[in-house]
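Engineer: Sequence and computational prediction follow.
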Amino acid sequence: MYKGKQPPNHIAIIMDGNGRWAKERFLPRKAGHKKGVDAIKKAVYTAEEYGIKYITFYAFSTENWKRPKDEINSLFSLIEEFVNKFDKEFKGKEYRINIMGDLSKLPDDLVLSLNSICERTKAFDKLIINIGINYGGRDEIVHAVNKLIENNKTNISEKDIKDNLYINYLPDPDIILRTAGEKRLSNFLLWQCAYSELIFIDEYWPEFDKDLFDRVLDEYYLRNRRFGGLNA
Ligand code: IPE
Ligand code: IPE
Ligand code: MG
């Protein structure tokens, strides 16, 4: 529990600034991504400590294919290493992992590791960790619509779209956090962001830690969420 307050149910994070963090230290971009994985672990532990139920990380967008091949490969290796070491790192924690995105374009070995971690953790619910890999908000909506067409659905409702998103039980995020000063969504959770509180901080993702998490929550609790209604 954070300062005795009701925690947000779901925080979703656009982890940005790994490259800039590395550049400022005269390190290769890869070193920034590696340090970014440590920040993910800190965020996960802190989320659980505060009683947050869902945490979503944007790890690779449908647009990130525009990057050099060796950077893409190092990102995929880090993701694979993270999921392969997951059981050891979070032993006894009962965290569930979900992957969201179009996995059909990812390397076979990575897909095997991803499917395996989802399968191994699917009975857990202490904290639901979602990772967007080859994820795009537009792609997700198109994917949902195509599934509805395949099922001969007509007169599509909002609920139909929601039920056909990559993770159909994922609640909308209360917070969408982006690090590294950029103030845009970059195709993240376009359906789900309708009433999310958007929080932007200047620090780079590899710097993210519990103090920054606290600052984000402080900011969140100052927000007045009306959802189109009037103040209570
Ligand atoms: C975020 O850091 C990681 C991914 C997008 C995968 P960046 O790699 O975008 O870092 P900057 O924005 O170049 O600093
Ligand atoms: C968004 O970051 C994607 C991820 C964090 C995976 P980018 O660094 O790719 O976004 P842009 O290009 O600055 O919008
Ligand atoms: Mg970036």
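Structural biologist: That came through fine. Owing to the predicted nature of the structure, the values given are computational and were not obtained by experimental measurement. Ligands and ions are numbered 1, 2, ... in the order given.
Engineer: only C-alpha atoms for contact and neighbour calcs from this point on.
Structural biologist: Will do.
Engineer: and Glu203, which of the three is it?
Structural biologist: Three-state call for Glu203 (DSSP: H, G, I helix; E, B strand; the rest coil): coil.
Engineer: doesn't Leu177 make contact with it?
Structural biologist: No - Glu203 lies out of contact with Leu177 (Cα atoms under 8 Å); the separation is 11.4 Å.
Engineer: The two - which one has more neighbours?
Structural biologist: Using other Cα atoms under 10 Å, the more surrounded residue of Glu203 and Leu177 is Leu177, with 23 against 16.
Engineer: Which elements pack onto the strand or helix carrying the more buried one?
Structural biologist: Element membership for Leu177, per DSSP states H and E: strand 175-178. Counting contacts by 3 or more Cα pairs under 8 Å, 6 or more residues apart in numbering; DSSP states H and E, strand 175-178 is packed against strand 10-14, strand 197-200.
Engineer: Select the longest helix from the chain.
Structural biologist: Longest helix in the chain by number of residues, with DSSP state H as the criterion: helix 29-49.
Engineer: what does that helix rub up against?
Structural biologist: Contacts to helix 29-49, defined as Cα atoms under 8 Å, 6 or more residues apart in numbering, come from residues 1, 15, 18-23, 53, 55, 71, 74-75, 78, 82, 126-127, 129, 205-210, 213.
Engineer: picking that back up, sheet partners, orientation included, of the strand holding Leu177?
Structural biologist: Note on strand 175-178: by DSSP bridges, its sheet partners are strand 10-14 (parallel), strand 197-200 (parallel).
Engineer: From the contact counts, what lies against the helix or strand following the last one?
Structural biologist: Under the assignment DSSP H and E, the closest C-terminal helix or strand after strand 197-200 is helix 210-222. On a contact count with 3+ Cα pairs under 8 Å, 6+ apart, helix 210-222 meets helix 29-49, strand 197-200.
Engineer: Single out the most deeply packed of these.
Structural biologist: helix 29-49 (a mean of 19; mean count of other Cα atoms under 10 Å).
Engineer: quick one, that helix and strand 10-14 angle?
Structural biologist: 170 degrees (axes from the mean of the first three to the mean of the last three Cα atoms, to 10 degrees).
Engineer: Tell me where the protein has helices.
Structural biologist: Using DSSP H, the helices found in the chain span residues 18-24, 29-49, 69-84, 86-89, 108-121, 137-150, 158-163, 210-222.
Engineer: Let me know whether the third one sits next to ligand 1.
Structural biologist: No - contact check for helix 69-84 against ligand 1, using Cα under 6 Å from any ligand atom: none in range, with a minimum separation of 6.7 Å.
Engineer: hmm, back to that, CSV for the helices and strands packed on helix 210-222, including mean pLDDT?
Structural biologist: CSV is the format used below for the helices and strands packed on helix 210-222 (pLDDT from 0 to 100):
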stretch, mean pLDDT
helix 29-49, 98
strand 197-200, 98
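Engineer: Quick one: closest of the ones you listed to ligand 1.
Structural biologist: Across the helices and strands packed on helix 210-222, ligand 1 has its closest neighbour in helix 29-49 (6.4 Å, Cα to the nearest ligand atom).
Engineer: Appreciated, that's everything.
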